[in-house]
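Visitor: Okay, predicted coordinates and the sequence, questions at the end:
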Amino acid sequence: MADLDTFREETRRWLVEHAPPSMRTPLRNPDDLCWGGRKTRYPADVQRWLDVMAERGWTAPTWPREYGGGGLSRAEAKVLAGEMAKLRLRPPLTGFGLTMIGPLLLQEGSEDLKREHLPPIVRGQIRWCQGYSEPGAGSDLASLQTKAVRDGDDFILNGQKVWTSYADKADWMFILVRTDFEASKHGGITFLLMDMETPGVSVRPIKLISGSSPFCETFLSDVHVPVRNVVGRINGGWPLAKALLGHERTMIADVFKERDDSQRLIAVARRHVGEVDGRVADPVVRDRVAQVEMDQACLDLTLARARDGAKAGHRPGPESSIFKYYGTELNQRRRSLMVDILGPGGIGWEGPGFEEAELRATRDWLRSRGNTIEGGTSEIQLNIIAKRVLGLPD
Ligand SMILES: Cc1cc2nc3c(=O)[nH]c(=O)nc-3n(C[C@H](O)[C@H](O)[C@H](O)COP(=O)(O)OP(=O)(O)OC[C@H]3O[C@@H](n4cnc5c(N)ncnc54)[C@H](O)[C@@H]3O)c2cc1C
């Protein structure tokens with residue numbers, strides 16, 4: 001305990017000394033987070049915050065030191081997170097490297113792949129994207145058709161991926177390809193790491209209803225990928241693909257913690273609906289807000305328990321579907337209630353007639369529609385929960 005108290009004090013002192021003051025303001029938008037990578041330039045204070053934290057390995061606090069991580073124990077990582085929260089500090093880095101491919105490589109990667117790929121993730125030098133979905137393979141992912149044919153020390157890839165989030169900004173992709181065309185559909189899949197700069201890779205952004213373009217179509221035409229970039233074994237990619245989805249689903253649910261005080265439902269409801277005796281005036285709105293906040297508190301506590309389990313070495317299994325399902329459905333309820341409370345202000349798109357928070361509410365509401373699709377739809381999560389968590393018959 002004394003050690004932990006000393007660690008807490010030193011951590012707090014270090015954070016206060018090294019964090020740029022601008023990193024202590026709430027995030028207005030998740031896109032303001034630093035995603036790292038070779039293709040994006042960040043403001044000087046964001047880059048400095050990344051650099052000082054990465055230097056200590058605190059962008060990936062529990063990863064082993066030999067791969068650039070902080071080597072912190074579970075208890076120390078909790079202290080660090082707590083001190084950052086108290087100082088209202090932003091995470092220095094986010095992205096699919098830290099949340100998806102990094103954890104998978106730690107579990108399943110060869111020593112060479114770990115040494116090559118984990119340190120640049122910790123330092124935010126390489127940004128990753130996920131090449132799973134194809135035009136004919138979404139929920140039924142194992143039907144994927146992107147071909148990889150062996151040619152000496154390389155595979156030659158041909159095919160198309162779709163809905164590839166941030167493919168236009170990413171440096172590397174973790175990709176599922178078909179390497180055995182005779183095997184069962186789950187049996188012929190290989191998990192590969194591919195440099196996006198490889199000749200034959202082209203990317204076309206897709207524009208969304210929310211106005212943004214966070215994902216792309218990715219086309220592969222005679223792309224050479226070295227065989228040494230296989231994670232696990234050739235034709236053994238399916239269990240790894242599922243393990244990574246476990247990390248992804250927990251991460252997606254984790255994102256839906258409230259992140260901005262000015263956006264808090266209660267504050268917005270008080271302002272727009274009015275107050276009586278310190279309570280939101282309209283009993284129906286009050287009831288809906290209370291329900292969302294109670295459900296959120298339950299989710300946050302359950303996620304905190306799962307995070308503790310993960311730090312103790314428990315791998316996310318099919319129960320991550322519960323988080324994914326509940327977190328994304330709850331987020332949709334929250335966003336849609338926000339728009340209801342804002343009334344006409346909640347359906348603005350642009351222009352001087354709307355406050356910035358109102359415009360953000362509209363866009364957040366539209367973006368939340370995709371949350372129940374990405375990482376596997378709600379229907380698919382319910383199927384997994386029924387079969388693999390509850391053990392119900394097919
Ligand atoms: C915002 C966003 C970001 C994404 N980012 C990525 C990414 O970075 N990389 C990537 O590879 N993919 C990404 N995706 C793709 C995503 O994983 C797929 O959209 C998703 O798996 C669903 O596949 P689909 O779109 O082909 O729909 P389909 O599989 O065609 O499903 C259509 C409908 O049928 C339902 N359905 C299908 N099968 C069943 C079943 N067995 N039982 C009950 N209902 C069923 C589905 O629930 C859905 O409502 C992203 C998607 C979104 C929305």
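Guide: Done, it's in.
Visitor: For the rest of this, base every contact and every neighbour count on C-alpha atoms.
Guide: OK.
Visitor: From Gly70, how far out is Ala19?
Guide: Going from Ala19 to Gly70 by Cα to Cα, to the nearest Å gives 17 Å.
Visitor: How many residues are close by the closest residue to Ile380 other than its chain neighbours?
Guide: Nearest residue to Ile380 in three dimensions, chain neighbours excluded: Ser139, at 6.9 Å (Cα to Cα, 6 or more residues apart in numbering). For Ser139, the count of nearby residues is 15 (other Cα atoms under 10 Å).
Visitor: Tell me if Ser139 really is in a helix.
Guide: No. Secondary structure of Ser139 (DSSP: H, G, I helix; E, B strand; the rest coil): coil, not part of a helix.
Visitor: Wait, it touches Ser378, no?
Guide: No. Look at Ser139 against Ser378 with Cα atoms under 8 Å: they stay out of range, at 10.3 Å.
Visitor: buried stuff in the one helix or strand Leu382 maps to?
Guide: Under the criterion of DSSP states H and E, Leu382 resides in helix 378-384. Judged by neighbour count (16 or more other Cα atoms under 10 Å), helix 378-384 contains these buried residues: Ser378, Ile380, Gln381, Ile384.
Visitor: Please list which of these also come close to the ligand.
Guide: With Cα under 6 Å from any ligand atom as the criterion, the buried residues of helix 378-384 include Ile380 near the ligand.
Visitor: mind putting the buried residues of helix 378-384 in CSV, pLDDT included?
Guide: CSV is the format used below for those (pLDDT from 0 to 100):
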residue, pLDDT
Ser378, 97
Ile380, 95
Gln381, 94
Ile384, 93
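Visitor: Which stretches in this protein count as helices?
Guide: 2-18, 44-55, 74-86, 96, 102-108, 111-122, 237-255, 265-273, 283-311, 320-342, 356-371, 378-384 (DSSP state H).
Visitor: what does the last one contact?
Guide: This points to helix 378-384. Ser139, Pro318, Ser321, Ile322, Lys324, Tyr325, Thr372 (Cα atoms under 8 Å, 6 or more residues apart in numbering).
Visitor: between those residues, which is nearest the ligand?
Guide: Nearest to the ligand, judged by Cα to the nearest ligand atom, of those is Ser139 at 3.6 Å.
Visitor: contacting residues around that closest one?
Guide: Neighbour list for Ser139: Gly376, Thr377, Ile380 [criterion: Cα under 8 Å, 6+ apart].
Visitor: what are the phi and psi values for it?
Guide: Backbone torsions for Ser139, taken as degrees, to the nearest 10, come to phi -60, psi -40.
Visitor: how near is the closest residue to the ligand within the stretch 201-350 of the chain to Lys207?
Guide: Closest residue of the stretch 201-350 of the chain to the ligand, Cα to the nearest ligand atom: Phe215 (6.5 Å). Per Cα to Cα, Phe215 is found 8 Å from Lys207.
Visitor: More neighbours: which of these two?
Guide: Phe215 (21 against 12).
Visitor: Just grab the bridge partners of that one for me.
Guide: Ser165, Ile206 (DSSP bridges).
Visitor: That one and Ala167 touch, don't they?
Guide: Yes. Here Phe215 reaches Ala167: they are 6.6 Å apart, a contact under Cα under 8 Å.
Visitor: Provide a list of residues in contact with the closest residue to Val162 other than its chain neighbours.
Guide: Nearest non-adjacent residue to Val162, counting by Cα to Cα, 6+ apart: Glu217, 4.4 Å away. Residues near Glu217 by Cα under 8 Å, 6+ apart: Gln160, Lys161, Val162, Trp163, Thr164, Val203, Arg204, Pro205, Ile206.
Visitor: near the ligand, which residues of the stretch 51-200 of the chain show up?
Guide: Of all the residues in the stretch 51-200 of the chain, those lying near the ligand are Gln130, Gly131, Tyr132, Ser133, Ala137, Gly138, Ser139, Asp140, Trp163, Thr164, Ser165, going by Cα under 6 Å from any ligand atom.
Visitor: returning to what we had before: give me the buried subset of the contacts of Glu217.
Guide: If we count by 16+ other Cα under 10 Å, those have these buried: Gln160, Lys161, Val162, Trp163, Thr164, Val203, Pro205.
Visitor: Thanks a lot, see you next time.
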